[in-house]
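In: Turn this into a model:
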Amino acid sequence: MMTRRAILAGSAVVAAGAMLGAAEAQARPKNKPKPTVVLVHGAFADASGWNDVAARLIRDGYPVIAPANPLRSVSSDSAYLASVLATIGGPIVVAAHSYGGIVATNAAEGNPNVKALVYVAAFAPDKDESLIDLQGRFPGTRLDESALDIRPYAEGLLDAYIKKEVFHDVFAGDLPRAATNLMQATQRPADLRALGEKSGAPAWRSIRSYYLVAKNDQVLPAATQRFMAQRAGSQIREVASSHVAMVSQPGVTAEVIRRAAEK
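Out: Here you go, the predicted structure:
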């Protein structure tokens, strides 16, 4: 038969365990909502480039929005994205690719709901920097004037497309040509004015950031990506991919976004 001392000792253990369990329960946030993930595409692309990443995040229970970036100018595109962010209640993580980075950097500034920025081979400019300033900071880009088709679309206004013959090697060299042929045919152009337009105050100065460096990028040199990430104090991860890391490496990209969302 169990002695009185053993019964009392066992009761003490049970009580201590119950108290510990209660403390752990109190420490865990109740019904903490997952942040909404906003995926911002860049130039020469559309939101479908985020499809595989979005599918992973949706499967994990994250609300996801991938708005259409107008690609008209830094100021107007940033204002548009800021208006989208303003409609979202609760915490937000903004993940941006390429030109989308300068748009997100401006649009997220001053929005208290944006808890993290994720740059995927993206421009993360400081105040008064332009895409041209950053793209030429270190050697290595193959996206120069010779790689572009320029088409007028209104009086005095010009759109830029990446030429068919260089699209695969310059933009997405680690994807099958069948895929890049379709991407090239459906690419959305960027207004040339956006290339030289100066950025405003950067949101990364007040919002924590993460950066996925595409080591084999032929558009935005990896050295430039590392420079911007280090300057912003971003948590950095590198992946052996072309410029479109979110397409060729969706699992790694989604993992970086999850890390930003879960902190």
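In: Just name whatever secondary elements the top strand by length along the chain is in contact with.
Out: Ranked by number of residues, the top strand in the chain under DSSP state E is strand 114-122. Where contact means 3 or more CB pairs under 8 Å, 6 or more residues apart in numbering; DSSP states H and E, strand 114-122 is packed against strand 92-98, helix 100-107, strand 208-214, helix 222-232, helix 245-248, helix 250-262. Yep, even glycine has a C-beta here, placed from its N, CA and C like the rest.
In: of all the ones you listed, which lies closest to residue 66?
Out: strand 92-98 (9.5 Å; CB to CB).
In: ok now that closest one, how far from the chain's centre?
Out: Offset of strand 92-98 from its chain centre (CA atoms, centre = their mean, to the nearest Å): 3 Å.
In: can you check stretch 127-146 too?
Out: Centroid displacement of stretch 127-146 relative to its chain, using CA atoms, centre = their mean, is 19 Å.
In: repeat for stretch 192-209
Out: On CA atoms, centre = their mean, the centre of stretch 192-209 falls 14 Å from the chain's centre.
In: Name all residues that make contact with residue 34.
Out: 61-63, 261 (CB atoms under 8 Å, 6 or more residues apart in numbering).
In: what about it, which SS state?
Out: coil (DSSP: H, G, I helix; E, B strand; the rest coil).
In: Next, it: phi, psi?
Out: phi -70, psi 140 (degrees, to the nearest 10).
In: do the same with residue 150
Out: Dihedral angles for residue 150 - degrees, to the nearest 10 - are phi -110, psi 130.
In: Now it. Nearest residue, chain neighbours left out?
Out: Spatial nearest neighbour of residue 150, chain neighbours left out: residue 158 (5.3 Å); criterion: CB to CB, 6 or more residues apart in numbering.
In: which ones are touching that neighbour?
Out: Residue 158 makes contact with 150-152, 191-192 under the criterion CB under 8 Å, 6+ apart.
In: ok, residue 49 - contacts?
Out: 41, 97, 183, 244, 246-247.
In: so what does the helix or strand harbouring residue 182 touch, helix or strand wise?
Out: Assigning secondary structure by DSSP states H and E places residue 182 in helix 177-185. Applying 3+ CB pairs under 8 Å, 6+ apart, one finds that helix 177-185 contacts helix 164-171.
In: what's the closest non-adjacent residue to residue 101?
Out: Closest to residue 101 by CB to CB, 6+ apart is residue 122, at 2.9 Å.
In: so that neighbour bridges to which residues?
Out: On the basis of DSSP bridges, residue 122 is bridged to residue 98.
In: Counting neighbours, what do you get for it?
Out: 31 (other CB atoms under 10 Å).
In: one step back: now the angle between helix 164-171 and the helix holding residue 182, please.
Out: For helix 177-185 against helix 164-171, the angle by axes from the mean of the first three to the mean of the last three CA atoms, to 10 degrees is 110 degrees.
In: strands paired with the helix or strand that helix 177-185 is followed by, and their directions?
Out: Once the chain leaves helix 177-185, the next helix or strand it forms, by DSSP H and E, is strand 190-191. Strand 190-191 has these partner strands in its sheet, going by DSSP bridges: strand 157-162 (antiparallel).
In: Would you indicate which residues of the partner strand are buried?
Out: Neighbour-count burial for strand 157-162 flags 159-162 (criterion: 16 or more other CB atoms under 10 Å).
In: Make a markdown table out of the residues you listed and add pLDDT.
Out: A markdown table is the format used below for the buried residues of strand 157-162 (pLDDT from 0 to 100):
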| residue | pLDDT |
| --- | --- |
| 159 | 97 |
| 160 | 97 |
| 161 | 98 |
| 162 | 98 |
